[in-house]
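Colleague: kindly return the folded structure for what I paste below:
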Amino acid sequence: VQLQASGGGLVQAGGSLRLSCAASGRTFSMGWFRQAPGKEREFVAGISRSGGSTDYADSVKGRFTISRDNAKNLVYLQMNSLKPEDTAVYYCAASSNYYTLSSSVNYWGKGTLVTVSS
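Modeller: Modelled structure (predicted):
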């Protein structure tokens, strides 16, 4: 399985960005994680294989939306109302188990940097 994230960039606080993750291979539950400078990697959002279930970290609920297009093997993270504390490298990830996605990842993609200026 290969995962390729894209869509990062520089945005002002209050702005929006959409990240995309292209996945090859079979369908997995998918998630987005992030790692800010000097901090540990943390779970951001997850989505089940069918797209029928989603989960979010409390820090992004109401601002971020995860979605997927299985026909195109794409997973998205729409990020609205961005804050400087959202600045991080964002990684997409694949897991064989949606319910343990936040703590158990089978495959990682390379990250994409999101910088939110104040």
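
Colleague: need the phi and psi values for E85.
Modeller: phi -70, psi -10 (degrees, to the nearest 10).

Colleague: for it, what are its contacts?
Modeller: A36, S59, V116 (Cβ atoms under 8 Å, 6 or more residues apart in numbering). For every residue, glycine as well, the C-beta is placed using N, CA and C.

Colleague: number of residues surrounding the second one?
Modeller: Look at S59: counted by other Cβ atoms under 10 Å, it has 13 neighbours.

Colleague: any idea whether it is helix, strand or coil?
Modeller: coil (DSSP: H, G, I helix; E, B strand; the rest coil).

Colleague: ok so, going back, closest one to S6 out of the contacts of E85, please.
Modeller: Set against S6, the nearest of the contacts of E85 by Cβ to Cβ is V116 (17.5 Å).

Colleague: verify the stated contact: that closest one with M79.
Modeller: No: using Cβ atoms under 8 Å, V116 is not in contact with M79; the gap is 9.0 Å.
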